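1. Quick one: sequence plus predicted model below, questions after.
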Amino acid sequence: MAEIAVESSGEAKPATPLRTVVAASAAGTAFEWYDFFVFGSLAQVISKTFFSGLNDTAGYIAALALFGTGFAFRPLGALVFGRLGDRVGRKGAFLFTVVLMGGATFCIGLLPTYAQAGIIAPALLILMRILQGFALGGEYGGAAIYVAEHAPQGRRGQSTSWVQTSAAFGLTGALGVILVTRLILGNEAFDAWGWRIPFLVSAGLLAISIWMRLKLSESPAFAKLKADGEQSKAPFKEAFVHWPNLKIVLLALFALMCAQGAVWYTTFFYSQTFMEKFLKVPPETINGLMAAGVIVSAVGYVFFGWLSDRIGRKPVLLFGMTLMLVAYFPGFHMLTQTLNPALAEAVERTPVVVVADPAECSLQFDPVGKTAFTSSCDIAKSVLANAGVSYTNRVAPAGTLAQVRIGPDVVASADARGLAPADAKARKAEVEGWIKTGLAQAGYPAKADPARMNLLGAFGVMLLFVTAATALYGPLAAALVELFPTKIRYTAMSLPYHIGTGWVGGFVPFTAFAIVAAVGDIYSGLWFPAVFTAISVVVALFFLPETRHRSLDD
């Protein structure tokens, strides 16, 4: 057991320097975020490699849903590793998570493609994503608690904010490796096989993380609890059946984690989907903007964590979620204006309307790849969604073929149902050609024009998003740790955290894109994160207590 000294504040303090604890915890967590973010940043390539049996829209939605699948299993990992952390110790739990995460990521780089192995390829990919999500479910809570239980009371916000910066370092590393690999190999080679390199690089990072974490001792608060024989014998029952503790779990979920999942993943993931899929911005430009934003965020986490030590957790957290709630819709409209002004001008000048029988229109999501979306409505909407074109829907008489009205011009779609696969594909390509010709004649750009991009303006928008995300995420670890008693802290804290980030945040890209594909307005998907953020603003304002002066020995 590590040496422990007790200061006048009554809190146990370790002999190990705090900076060593912070560095080792943040480095390991950064590696795990790197693993997770590599996948999210390569959704477009993943869709072509592992879901080539689907059409473009369905394949892209399937890849985003698979990104969310990893998050869906994070609460299960939180329960398993949370119980282990509360009964056995913090160190062992989050040492195992880094090994599991790294192994799964490395294996993704070795998987066969759909063209090589058929349905086995996406099945194996799903398994690896489940393992990644399961591991990350136990990682964050362990690292945040470990640092907080080492830090002095007046520095918890600043100290745990370094764990939050691990997300920035992990995402920066992921974007950096992807960008450098693209530049060296070129887009064609990268899409063919170079995408594997960022996954395989994780082997070296894994070795470093394991070495650093093996040097750590148990946290002082848990060591004291264990020495007194007071650690929880039934963490699940105490956390989720005992009402006073369950009430805190629900408060953490609705006051903090709904907003955190929505705000953070909209800022750092859905914004990428939006720029790539709808605004047709080149991948290298997106990576550059995101890397710049993430670098700034590393400073923001520490600043807002420090600020929460001075003025309190609650005002800083509320500032972050409220700022993003106000910025969602105007911010994404500004991204369109700055990165693809020609698209914004075309939408204003020549609106597009899809006139179709609603019974002929599908959601167009089929990850198994057995459904053929070949009605005239589905074909028309698929072409427009892939072109990043907003449209409104108008009801047509039952049984009539869908039409795409581009200003005064009308482009008739075609029905490919009942045709042989090759003939259906040819019919779709024919309709796609008609619609794209009509869009081009109306001034709709096929891709964003670099010469007209206002990159400084786009970065300004991203800076606004990043400010909101870091104000919310910077003090979050300290606020969550301070809410829960030591005996059940790992179990009780990890579950709401990963429900919020996993089931709200992880599904933001998939759900928002699916909403856009169904509704037609490229901004309509923002209602998903906006609603969850609004819930947290209200609950936090009226029910969240201030916790910065609480002792962690309770």
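-> Okay, I see it.

2. Helices of the stretch 1-150 of the chain, residue ranges please.
-> With DSSP state H, counting those that start in this stretch applied, the stretch 1-150 of the chain shows helices at 18-41, 43-50, 56-72, 74-87, 90-108, 114-117, 120-148, listed in chain order.

3. Select, out of those, the one closest to residue 390.
-> Each of the helices of the stretch 1-150 of the chain was checked against residue 390 via C-beta to C-beta, and the shortest separation belongs to helix 56-72, namely 15.0 Å. From N, CA and C alone the C-beta is placed, and that goes for glycine too.

4. remind me which residues of the stretch 351-500 of the chain are low pLDDT?
-> Across the stretch 351-500 of the chain, the stretches falling below the confidence threshold (pLDDT under 70) are 364-372.

5. ok, now with 90
-> With pLDDT under 90 as the threshold, the stretch 351-500 of the chain has low-confidence stretches at 359-374, 378, 381-388, 399, 416-425, 428, 446, 477, 481, 484-500.

6. For it, which segments count as helices?
-> Secondary structure of the stretch 351-500 of the chain (DSSP H, counting those that start in this stretch): helices at 376-387, 421-441, 455-473, 476-483, 489-499.

7. follow-up on the earlier one: the helices of the stretch 1-150 of the chain: which one's closest to residue 241?
-> Evaluated over those, closeness to residue 241 peaks at helix 74-87, with 13.7 Å, by C-beta to C-beta.

8. relative to helix 18-41, how tilted is the closest one?
-> Here helix 74-87 runs at 160 degrees with respect to helix 18-41, directions being taken by axes from the mean of the first three to the mean of the last three C-alpha atoms, to 10 degrees.

9. just checking, what packs against helix 74-87?
-> Helix 74-87 sits against helix 90-108, helix 120-148, helix 235-240, helix 489-499, with contacts defined as 3 or more C-beta pairs under 8 Å, 6 or more residues apart in numbering; DSSP states H and E.

10. The same query, at a cut-off of 6 Å, please.
-> Taking 3 or more C-beta pairs under 6 Å, 6 or more residues apart in numbering; DSSP states H and E as contact, the helices and strands that helix 74-87 lies on are helix 90-108, helix 120-148, helix 489-499.

11. Relative to residue 104, how far out is the nearest residue in space to residue 45 that is not next to it in sequence?
-> Closest residue to residue 45 in three dimensions, ignoring its sequence neighbours and counting by C-beta to C-beta, 6 or more residues apart in numbering: residue 195, at 4.7 Å. Going from residue 195 to residue 104 by C-beta to C-beta, to the nearest Å gives 16 Å.

12. Same check on residue 338?
-> Spatial separation of residue 338 from residue 104 under the definition C-beta to C-beta is 37 Å.

13. got it, and residue 181?
-> 20 Å.

14. burial of the residue nearest to residue 374 when sequence neighbours are not counted, as a residue count?
-> The shortest distance from residue 374 to any non-neighbouring residue, by C-beta to C-beta, 6+ apart, is to residue 416 (3.9 Å). As a burial measure, the neighbour count of residue 416 was computed by other C-beta atoms under 10 Å and equals 23.

15. List the residues that contact residue 416.
-> When the contact criterion is C-beta atoms under 6 Å, 6 or more residues apart in numbering, the partners of residue 416 are 374, 424, 427.

16. Next one: the last one from residue 378, what distance?
-> Looking back up the chat, that one is residue 427. Computed as C-beta to C-beta, the residue 427 to residue 378 distance reads 12 Å.

17. ditto for the second one
-> Residue 424 sits 11 Å away from residue 378 when distances are taken as C-beta to C-beta.

18. More neighbours: which of the two?
-> Neighbour tally, residue 424 and residue 378, criterion other C-beta under 10 Å: the higher count belongs to residue 378, 27 against 18.

19. show me the contacts for that one.
-> Contacts for residue 378 (C-beta under 6 Å, 6+ apart) come out as residue 362.

20. for the helices of the stretch 351-500 of the chain, which one ends up most surrounded?
-> Mean neighbour counts were compared across the helices of the stretch 351-500 of the chain using mean count of other C-beta atoms under 10 Å; the top stretch is helix 489-499, at a mean of 29.

21. can you list the residues that contact it?
-> With C-beta under 6 Å, 6+ apart, helix 489-499 has contacts from 74-75, 78, 82-83, 85-86, 137, 141, 145, 235, 239, 245, 249, 252-253, 257, 480, 484.

22. Which of the helices of the stretch 351-500 of the chain sits closest to residue 506?
-> Once C-beta to C-beta is applied to those, the stretch that comes out nearest is helix 489-499, at 9.1 Å.

23. Present the contacts of residue 416 as CSV; the columns should include distance to residue 489.
-> Compiled in CSV, these are given as follows (distance: C-beta to C-beta, whole Å):
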residue, distance to residue 489
374, 54
424, 56
427, 59
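
24. what about residue 271, how many neighbours?
-> Residue 271 sits with 23 neighbouring residues when counted by other C-beta under 10 Å.

25. my read is it is in a helix, agree?
-> Yes. In this structure, residue 271 lies within a helix as judged by DSSP: H, G, I helix; E, B strand; the rest coil.

26. ok, now how distant is it from residue 279?
-> Here residue 271 is placed at a distance of 10 Å from residue 279 (C-beta to C-beta).

27. and residue 51, how far is that from residue 415?
-> In this structure, residue 51 and residue 415 are separated by 25 Å, where distance is defined by C-beta to C-beta.

28. Output the lowest mean pLDDT helix or strand found in this protein.
-> strand 4-6 (a mean of 40; mean pLDDT, DSSP states H and E).

29. part of a helix, is residue 256?
-> Yes. According to three-state DSSP, the state of residue 256 is that of a helix.

30. give me the element residue 546 is part of.
-> In this structure, residue 546 sits in neither a helix nor a strand according to DSSP states H and E.

31. That one contacts residue 317, doesn't it?
-> No. Under the criterion of C-beta atoms under 6 Å, residue 546 makes no contact with residue 317, lying 10.3 Å away.

32. who has more neighbours, the two?
-> Ranked by neighbour count (other C-beta under 10 Å), residue 546 and residue 317 place residue 317 first, with 27 against 14.

33. What residues does the more buried one make contact with?
-> With contact taken as C-beta under 6 Å, 6+ apart, residue 317 is in contact with 472, 475.

34. can you rerun that using 8 Å?
-> With contact set as C-beta atoms under 8 Å, 6 or more residues apart in numbering, residue 317 has these partners: 256, 308, 471, 472, 475, 476, 479, 540, 544.

35. what's the burial count for residue 175?
-> Around residue 175 there are 27 other residues, counting by other C-beta under 10 Å.

36. That one is in contact with residue 292, isn't it?
-> No. In this structure, residue 175 is not within contact of residue 292 by C-beta atoms under 8 Å, at 9.8 Å.

37. ok, the residue nearest to residue 45 - contacts?
-> Applying C-beta under 8 Å, 6+ apart, one finds that residue 195 lies in contact with 42, 45, 46, 49.

38. what does residue 159 give?
-> 18, 22, 147, 148, 150, 151, 305, 478.

39. Could you give the number of residues near the fifth one?
-> It refers to residue 150. 28.

40. what do you get for the second one?
-> With neighbours defined by other C-beta under 10 Å, the count for residue 22 comes to 22.

41. Likewise for the third one?
-> Burial of residue 147 is recorded as 27 neighbouring residues (other C-beta under 10 Å).

42. Give me the distance between it and residue 211.
-> Going from residue 147 to residue 211 by C-beta to C-beta gives 19 Å.

43. Please apply the same query to the first one.
-> Summarising the geometry, the distance separating residue 18 from residue 211, computed by C-beta to C-beta, is 20 Å.
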